[in-house]
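1. Kindly generate the corresponding structure for this input.
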Amino acid sequence: MIERDTPPTRRTEAGLSLLEVLVALAVMAVSLGVPRPRRPGRRSRWCGASRRIEGGMPRERTAARSRGAGSPSEFPRPALRGALRTMSETEITFPSRLRVTNALSALGIAAGVVEFGESTRTSGEAAAAIGCEVAQIAKSIVFRGKYSDACVLVIASGADRIDEKKLCAALGEPVAKADAAFVRARTGFAIGGVAPVGHVGPVMVLVDRALWQLDPIWAAAGSHNAVFRLTADDLHRIPGIRVVDVRQSA
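-> As a prediction, this is how the structure comes out:
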């Protein structure tokens, strides 16, 4: 039998081989729960398939750390869903809202502007935010005279539809719904926030007769999330107002 010379195994002072030392260290690491280092660019099974690890740290956490712990931009602000408050005159900074409050004050209508955290642009949204019936929303619809180019503002219950044939008969000329540019130029308000008062130009205001069956009512106050409360009788204080029957029959 031929015997081959084998190099002697390198051992430590304690009599253990280098291999035995490495195995012992690995067992200790597993028992202590020490995580293995991840390589840059490797996907993390904890963060989902769309997130990657950069230098052992998720991108979102890296960005947050670069802003500094506790930075206000690190946490989203809570929404004001369902909250409402009556605004004082000093709080009203929107020119459109300010025109409404000034016009109401000049007409002797004691109605505070109420601001919501959500949109009140449509009758349904306004009723949900206020907690009233859709019928109690005094919606504003702007029409444009075909021949006169007049700006016609029709105020009606949010639960009713406007009969354009009745409206044309009341005006004596054909009309069409105005576009956003015309509404803004003639009233000073955006669609969804057109108030019955505070217009920047001449506006013919027509109020549907059925609105007097409701009390109270709520109207837009110049923006998409502000309204004010009034009665139908308060509308009589608007100069030049006309009461008409333009509600579409059921």
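2. pull the CA atoms of the lengthiest strand in the chain into PDB?
-> Using DSSP state E to define each element, the chain has its longest strand at strand 137-145. Taking C-alpha atoms only, strand 137-145 is exported to PDB below (Å, rounded to 0.1, in the frame of the first residue of the first chain):
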ATOM      1  CA  ILE A 137     -79.600  72.700  -2.000                       C
ATOM      2  CA  ALA A 138     -80.200  75.900  -4.000                       C
ATOM      3  CA  LYS A 139     -78.200  74.900  -7.100                       C
ATOM      4  CA  SER A 140     -77.100  77.500  -9.600                       C
ATOM      5  CA  ILE A 141     -77.100  76.900 -13.300                       C
ATOM      6  CA  VAL A 142     -75.900  79.500 -15.800                       C
ATOM      7  CA  PHE A 143     -77.400  79.800 -19.300                       C
ATOM      8  CA  ARG A 144     -76.400  82.100 -22.200                       C
ATOM      9  CA  GLY A 145     -79.000  83.900 -24.300                       C
END
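3. other SSEs contacting it?
-> helix 123-130, strand 151-157, helix 164-171, strand 175-177, helix 180-187, strand 217-220 (3 or more Cβ pairs under 8 Å, 6 or more residues apart in numbering; DSSP states H and E). All C-beta spots, glycine's among them, are computed from the backbone N, C-alpha and C.
4. For the first one, give the mean pLDDT please.
-> So that's helix 123-130. Taken as a whole, helix 123-130 has an average pLDDT of 95.
5. hang on, residue 249 is in a strand, isn't it?
-> No. Remark: residue 249 does not belong to a strand; assigned using DSSP: H, G, I helix; E, B strand; the rest coil, it is coil.
6. And it, how far from residue 148?
-> Remark: distance between residue 249 and residue 148 (Cβ to Cβ, to the nearest Å) = 27 Å.
7. and this structure, what are its domains?
-> 18-74, 84-244 (automatic domain parsing).
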